[in-house]
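Need the 3D shape of this:
(one chain, ligands or ions: 2)
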Amino acid sequence: MAAVKIAPSVLAWDLGDLDKAVEISVKGGADQIHLDVIDGHFAPNITFGPGTVKALRRLTDMKFDTHLMIDNPGAYAEKFMDAGSDLLTFHAEILSGSSFDDIYRTVSSRKKEVGIAIKPQTELPKWAAERLDKISTLVIMTVNPGFSGQKMDMSVMPKLQKLGRLVKEKGLEVDLEIDGGVEPENAAEVVKRGGNVLVAGAGVYSKKDPVGAISVLRRAATEGQAAD
Ligand code: DX5
Ligand code: ZN
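Ligands and ions are numbered 1, 2, ... in the order given. Below you'll find the model as predicted:
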């Protein structure tokens with residue numbers, strides 16, 4: 001079974017003090033840092049771009065998991081890779097098989113990882129299911145994209161379980177990343193259903209002790225594994 005990984009989402013922190021957000025993730029022993037890039041078109045919020053990713057890159061070697069919630073992500077892939085993104089995740093809702101193939105060529109030629117993300121109501125399109133061997137990460141959103149601090153939509157759980165089975169059947173090592181509303185109270189359920197990367201914004205950064213919250217989540221998630 002894939003190891004549980006914790007990916008704090010800095011969107012939940014003060015965007016004027018992201019150095020501190022990175023420091024918390026490093027101190028807390030996070031596995032990767034989740035960077036939500038939103039353009040006000042694909043989703044109703046505007047966050048930050050490659051310049052910010054570059055500024056944070058000098059603070060740590062930790063994997064930068066870059067969730068691109070923007071209308072034209074292919075046009076920015078090179079810029080985010082230059083800035084230091086390690087994993088670039090693209091939304092299936094705005095891609096086709098052929099636009100994915102173009103992006104995949106660009107990203108994989110630089111030995112970076114490609115992810116595909118789907119919103120809570122989106123089923124994985126056929127073109128994406130046929131290309132699972134090309135991605136390192138499937139991001140299954142459990143809130144509508146835009147904001148941190150929303151409640152997890154538990155109706156996504158059957159889809160998560162189904163996709164977990166699909167990945168297993170194909171014998172692939174794809175991280176199943178759950179994004180939205182992850183808290184210690186639901187971490188075990190998510191892992192039981194097949195998730196192994198837990199993105200947590202409020203679940204880390206809104207806690208009194210955000211450094212400690214990373215271990216709290218990891219412990220809660222691991223109980224889900226043990227119960228399986
Ligand atoms: C939503 C983002 C999420 C979000 C997670 O558009 O993709 O990564 O920031 O934050 P929480 O864990 O607070 O839902
Ligand atoms: Zn995200």
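
I believe residue 68 is in a strand; please confirm or correct that.
Yes. Residue 68 forms part of a strand when assessed by DSSP: H, G, I helix; E, B strand; the rest coil.

Quick check: bridge partners of it?
Bridge pairing for residue 68 (DSSP bridges) gives the partners residue 37, residue 90.

Report how many residues lie close to it.
26 (other CB atoms under 10 Å). Any C-beta I mention is one placed from the backbone N, CA and C, and that applies to glycine too.

again with the one 3 residues further on
The burial metric for residue 71, expressed as a neighbour count using other CB under 10 Å, is 13.

give me the residue from the chain nearest ligand 1.
Going by CB to the nearest ligand atom, ligand 1 is nearest to residue 201 of the chain, at 2.5 Å.

Quick one: residues contacting that residue.
Residue 201 is in contact with 8-12, 34, 148-149, counting by CB atoms under 8 Å, 6 or more residues apart in numbering.

Going by distance to residue 132, which of the residues you listed wins?
Taking CB to CB as the measure, residue 132 lies nearest residue 34 of the contacts of residue 201, at 20.8 Å.

Surely that closest one is within a helix?
No. Residue 34 is assigned strand when assessed by three-state DSSP, not a helix.

pretty sure it is touching residue 6, no?
No. If you go by CB atoms under 8 Å, residue 34 and residue 6 don't touch, sitting 9.6 Å apart.

out of those two, which sits in the more crowded spot?
More neighbours surround residue 34 than the other of residue 34 and residue 6, with 29 against 26 (other CB under 10 Å).

From the contacts of residue 201, keep the buried residues only.
8-12, 34, 148 (16 or more other CB atoms under 10 Å).

Take those and lay them out in CSV including secondary structure.
Output for those, formatted as CSV (three-state DSSP):
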residue, secondary structure
8, strand
9, strand
10, helix
11, helix
12, helix
34, strand
148, coil
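
so which of the residues you listed also contact ligand 2?
Among the buried ones among the contacts of residue 201, none lies close to ligand 2 by the criterion of CB under 5 Å from the ion.
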